[in-house]
Every structure is written in structure tokens, then in C-alpha cells.
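K.L.:
Build me a structure from this.
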Amino acid sequence: MAEEVALKLDIQTGNAGKTLKELKQEIKDANAAMSTVQKGSKAYYDLAKSAGNAKEEIKDIKEATNLFTKGGTISE
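P.N.:
Down below sits the predicted model:
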């Protein structure tokens, strides 16, 4: 017999990371800026790093979401 569990979340966002929307915008902005700087320059690599970091954060969000959509649980 299946058991139903209710879960109430109280999320405090005081020092939370960026939203998914902000991360996507950061990638767009970095890509646009990369087209205006010299390829191989420090600015170019700084922008590439910024876009890469944002993509990694999005990947982490997707992985965390998949835990719940597949019936998993998050443990620390």
C-alpha cells in the first residue's frame, strides 16, 4: 500500500545563489561581450569562465530537480 507524505518547505533566500533566469541572462551577456573583445585576451577568457560557471550552476539545478522527478531524495 502506498503511503502519502506531505512536505512543507520554508525556503530562506537571503544569501541564495542566482535564479535560473539570471544565470541564463549571464550566459547571454557573456557570449555577446565575447564577440566584442579580442579572442585569446584576458577579457575573453574571463567572459568564457563566467559563462562556463553559469552553465555549471544550471547543470547543478537540473541534477537536483531530476532527483525529485525520479522519486529520489536529496541528502547532504
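
K.L.:
what about the longest helix in the chain?
P.N.:
Counting by DSSP state H, the longest helix found in the chain is helix 42-69.

K.L.:
Identify each buried residue in that one, please.
P.N.:
44, 47, 50, 51, 54, 57, 58 (16 or more other Cβ atoms under 10 Å). C-betas here are computed from N, CA, C, even on glycine.

K.L.:
I'd like these laid out as a markdown table, including pLDDT and distance to residue 22.
P.N.:
Conversion of the buried residues of helix 42-69 to a markdown table gives the following (pLDDT from 0 to 100; distance: Cβ to Cβ, whole Å):
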| residue | pLDDT | distance to residue 22 |
| --- | --- | --- |
| 44 | 91 | 22 |
| 47 | 93 | 16 |
| 50 | 93 | 12 |
| 51 | 94 | 13 |
| 54 | 93 | 9 |
| 57 | 91 | 10 |
| 58 | 92 | 10 |
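
K.L.:
what residue ranges in this structure are flagged as low confidence?
P.N.:
1-16, 70-76 (pLDDT under 70).

K.L.:
90 instead, please
P.N.:
1-20, 60-76 (pLDDT under 90).

K.L.:
how close does the closest residue to residue 51 other than its chain neighbours get to residue 67?
P.N.:
Sequence neighbours aside, residue 30 is the residue nearest to residue 51 in space, at 3.9 Å (criterion: Cβ to Cβ, 6 or more residues apart in numbering). Computed as Cβ to Cβ, to the nearest Å, the residue 30 to residue 67 distance reads 28 Å.

K.L.:
what does residue 55 give?
P.N.:
19 Å.

K.L.:
Residue 58: what's it in contact with?
P.N.:
Residue 58 makes contacts with 20, 23, 24, as judged by Cβ atoms under 8 Å, 6 or more residues apart in numbering.

K.L.:
Check residue 24 too.
P.N.:
54, 58.

K.L.:
Pretty sure residue 48 sits against residue 31.
P.N.:
No - applying Cβ atoms under 8 Å, one finds residue 48 not in contact with residue 31, separated by 9.2 Å.
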